[in-house]
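In: Next input, structure requested:
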Amino acid sequence: MTTGSVREVFATFLKLGMTSFGGPIAHVGFFHRELVERRQWITENQYAQLLGLCQFLPGPASSQLGFALGLLRAGWAGAAAAFLAFTLPSALLLFGFASLLPQMSGPTGTAAIHGLKLVALSVVAHGVMTMARQLCTDARRAGIATAAAAIILISGHAWVQLLAVVLGGTAGYFLCQDAKSASGGELSLPHGPRTGWVLLTTFLLLLLGLPLLTNVSSVFALFEAFYRAGALVFGGGHVVLPLLQESVVASGWVSADDFLAGYGAAQAVPGPMFSLAAYLGARIPDVGGGLTGASLALTAIFLPGFLLLAGILPLWRVLARHPAAARAIAGVNAAVVGLLGAALYDPVWTSAVFEPTDVAIALVGFTMVSAWRLSVIYVVAWCVLASILRALLI
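Out: Got it, this is the predicted structure:
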């Protein structure tokens, strides 16, 4: 794995932050397309390891994955650049988007948003196909992937994704006897286990200590509420909404109507769902609202997931060197393919496909990505324009 520059990481993730529509599962497909296939920053094995860890840990999975990719590419500054660049577009849009939301409720705006969902379908389908080809190389791995997808689809609960990853690793330990540590599979990190333990301790101290400071200042109260939401949520994205609603609506900081308006706006912008914190922080008058509140809320909700991931990574690297771990990793990789396959159906397919023309538009987008190797920007343009044109003609 070659080392890149912070500028390269920032520019790459800024592009992703402006084009990655469709939620965390779609982001995984966008990252895979841009960073594994096109730029070859890391190997399929490394990508699957990172994805498995991010699904296993609480926090915003796609943002944690982007943070880790920046960390591996350009160190700590690269991790910060990846986070800022990927989050900034959606945070800025949500910061000022609520007043524009009614204008997106007309036929053209609705069609444009639907076109973005078809972009996600095209990209995720390509990502699943590519990862299945690389990581499910025999019947046992394919069986693990199929079982993981079936478990997730039948259950319908976000926490089952974690169970599927654990079961996949267990099955891999017993079934993937031929698995070996792949060349280029070890993660190259700028820090070791000692720093990892410091980061994990910091995570725990903040989680336990911030509640003791909520009466000291409204700043601590806001930071604690968003930190707790980011630290205790599994499944990312939409799963954090009940925690946020309890923190900001039940407390009287934000009205229920304003909260729902922000949630609606978050559906229409690229990037992480956790960027909704920028909108909510800006609406909280106790800390002055505006840029101060938005910045505090954004920092607090993303920080715990990054502390956890950065703390676990060097410990995982040590564990992955053991021969038995290679078999478990093979099972985890296969389970991740199953997880993405399940997500390709629900929520990506179920929220995007309502009639045959939706399939046709997405199929062209899939061809643009997989066969023609075009940038995702062209896929976005095609799906959105095709969706709007169809709405105008009907």
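
In: which SS state does V254 fall under?
Out: Secondary structure for V254, judged by DSSP: H, G, I helix; E, B strand; the rest coil, is coil.

In: cool, F21 as well?
Out: F21 is classified as coil under three-state DSSP.

In: Would you confirm that it contacts P270?
Out: Yes: with contact defined as Cβ atoms under 8 Å, F21 reaches P270; the gap is 4.8 Å. To be clear about C-beta, it is placed using only N, CA and C from the backbone, and glycine gets the same treatment.

In: Find the residues that touch each one of those two.
Out: Residues within reach of F21 and of P270 at once, by Cβ atoms under 8 Å, 6 or more residues apart in numbering, are L116.

In: More neighbours: which of these two?
Out: It is F21, of F21 and P270, that has more neighbours when counted by other Cβ atoms under 10 Å, with 26 against 22.

In: what residues are up against that one?
Out: Residues in contact with F21 (Cβ under 8 Å, 6+ apart) are L116, K117, V119, A120, V269, P270, V380.

In: Look at the closest residue to A352 other than its chain neighbours and report its pLDDT.
Out: Nearest-residue entry for A352: K117, 3.8 Å, with adjacent residues in sequence omitted and distances by Cβ to Cβ, 6 or more residues apart in numbering. Note on K117: pLDDT of 83.

In: quick one, what contacts K117?
Out: By Cβ under 8 Å, 6+ apart, the contact set of K117 is F21, G22, V348, S351, A352.

In: Take the residues you listed and write them to a markdown table, including distance to R194 and pLDDT.
Out: Shown next, in a markdown table, are those (distance: Cβ to Cβ, whole Å; pLDDT from 0 to 100):
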| residue | distance to R194 | pLDDT |
| --- | --- | --- |
| F21 | 40 | 80 |
| G22 | 39 | 74 |
| V348 | 41 | 81 |
| S351 | 44 | 83 |
| A352 | 46 | 87 |
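
In: sorry, back to before: right, and the helix or strand after the helix or strand that contains the residue nearest to A352?
Out: Element membership for K117, per DSSP states H and E: helix 107-135. Later in the chain than helix 107-135, the nearest helix or strand by DSSP H and E is helix 139-155.

In: Who are the packing partners of that next one?
Out: helix 107-135, helix 160-175, helix 323-343 (3 or more Cβ pairs under 8 Å, 6 or more residues apart in numbering; DSSP states H and E).

In: How far off centre is the last one?
Out: Going back to what we said before, that points to helix 323-343. Once both centres are worked out by Cα atoms, centre = their mean, to the nearest Å, helix 323-343 turns out to sit 18 Å from its chain's centre.

In: if you average pLDDT over that helix, what comes out?
Out: The pLDDT scores in helix 323-343 average 85.

In: Give me the buried positions along it.
Out: Residues of helix 323-343 classed as buried by neighbour count (16 or more other Cβ atoms under 10 Å): 325-343.
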